[in-house]
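1. Okay, predicted coordinates and the sequence, questions at the end:
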Amino acid sequence: MKENIIGVDIGGTKCAVTFGEQQGNKVAIRDKERFPTTDPDGTLAHLKQAIRTIMERNGLNRENTRAIGISCGGPLDSSAGVVMSPPNLPGWDNVPVVDIFQKEFGIRTAIHNDANACALAEWQFGAGVGTRNMVFLTFGTGLGAGLILEGKLYTGTNDNAGELGHIRLSDFGPVGYGKSGSFEGFCSGSGIRQLAQAAVREKLQMGEKVAWCPDSDPEQLDARMVAEAALAGDPLAAGIYRTSARYLGKGLSIVIDLINPEMIVIGSIYARNEAFMKPFMEEIIAREALPLANRVCRVVPAALGESIGDYAALSVAANA
């Protein structure tokens, strides 16, 4: 039996409202509205209008729509349905967004932070279908994570479970999550950029040019530029990605020993560069993780690709 669900993805720069038809562990995206994020009042008004537009266009109403799911950057209180001052959403201070939508549309509404929502999406609709114990890592601009334990999302005492990016892996290193040498520092777009800037500055100070650094200005570097140079065979860029991959292996070894998952799903940067990073990651896991735990755990790229934000919001609705 197909069920109608609506997903709301609230991001720092853009928002999207998606209509999906769910049947078991499959969901088909039927319609979508997207627009820039502005101030809280303006964005909420735009979200309401986008939901109304999609519902009218597709013959949806409170009787034939199962739920609305919201994916939003944290911190937030998923039980109370309140967004609590996320750093990428200035002005969103204790906004009771679930209550606002439920009163407006009369449809059951739920919310989770974006990493937890992505974990639900990959577990229900992507690479993790059929697993009971799965960990999802974003590995994008930052390093977020979501935990599926014993067949359900685990959020912890106050929605802070799975903040793996805050684990310190080294006393020194790139800064992520407000901590130098953190998991996020080594394994995120921002962290790879910091590694690249430091490596390129060393070369420039020694009078050497770096072909893939625009205008010899390290401030212009990003993780994509480093990846392209690494894949083209540049030894400096390849060394930067090897460093990230090895620290990824170190961080995942902790996860494997602590949680004993059957699968770890990694998105964004890792998913795009798996062939290059996997051997170095696996080398460290083989050395550091408990063999029995490592034997039952597969590390795989996320399956939902660039549409994961849409699926993430829909998965919150599917699990409401």
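-> On my side now, so go ahead. Numbering: from 1, shown residues only.
2. okay, CA-based contacts and neighbour counts for the rest of this
-> Fine.
3. how near is Ala67 to Val8?
-> Ala67 sits 11 Å away from Val8, taking CA to CA, to the nearest Å as the criterion.
4. neighbour-wise, which of those two wins?
-> Val8 (31 against 24; other CA atoms under 10 Å).
5. what helix or strand does the more buried one sit in?
-> Using DSSP states H and E, the element containing Val8 is strand 3-10.
6. Lys32 too?
-> strand 26-36.
7. mind listing the helices for the chain?
-> Using DSSP state H, the helices of the chain run over residues 40-57, 97-105, 114-125, 183-186, 189-205, 223-231, 235-259, 268-272, 274-288, 291-295, 308-318.
8. so which of these is the most packed in?
-> Greatest average neighbour count among the helices of the chain goes to helix 183-186 (a mean of 34), per mean count of other CA atoms under 10 Å.
9. CA-only coordinates of that helix in CSV, if you can.
-> C-alpha atoms of helix 183-186 as CSV (Å, rounded to 0.1, in the frame of the first residue of the first chain):
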residue,chain,number,x,y,z
PHE,A,183,37.6,13.5,13.7
GLU,A,184,35.8,16.4,11.9
GLY,A,185,39.1,18.3,11.5
PHE,A,186,40.7,15.4,9.5
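10. Remind me what that helix packs against, helices and strands.
-> strand 175-176, helix 189-205, helix 235-259 (3 or more CA pairs under 8 Å, 6 or more residues apart in numbering; DSSP states H and E).
11. can you give me how far the last one is from the chain middle?
-> So that's helix 235-259. 17 Å (CA atoms, centre = their mean, to the nearest Å).
12. Give me the residues contacting that helix.
-> 169, 183, 186-187, 192, 195-196, 199, 226-227, 229-231, 277-278, 280-285, 288-290, 293-294, 297 (CA atoms under 8 Å, 6 or more residues apart in numbering).
13. what do you get for the shortest one?
-> Outside of strand 175-176, the residues that reach it under the criterion CA under 8 Å, 6+ apart are Gly142, Gly165, His166, Gly181, Ser182, Phe183, Glu184, Gly185, Phe186, Ser190, Gly191, Gln194.
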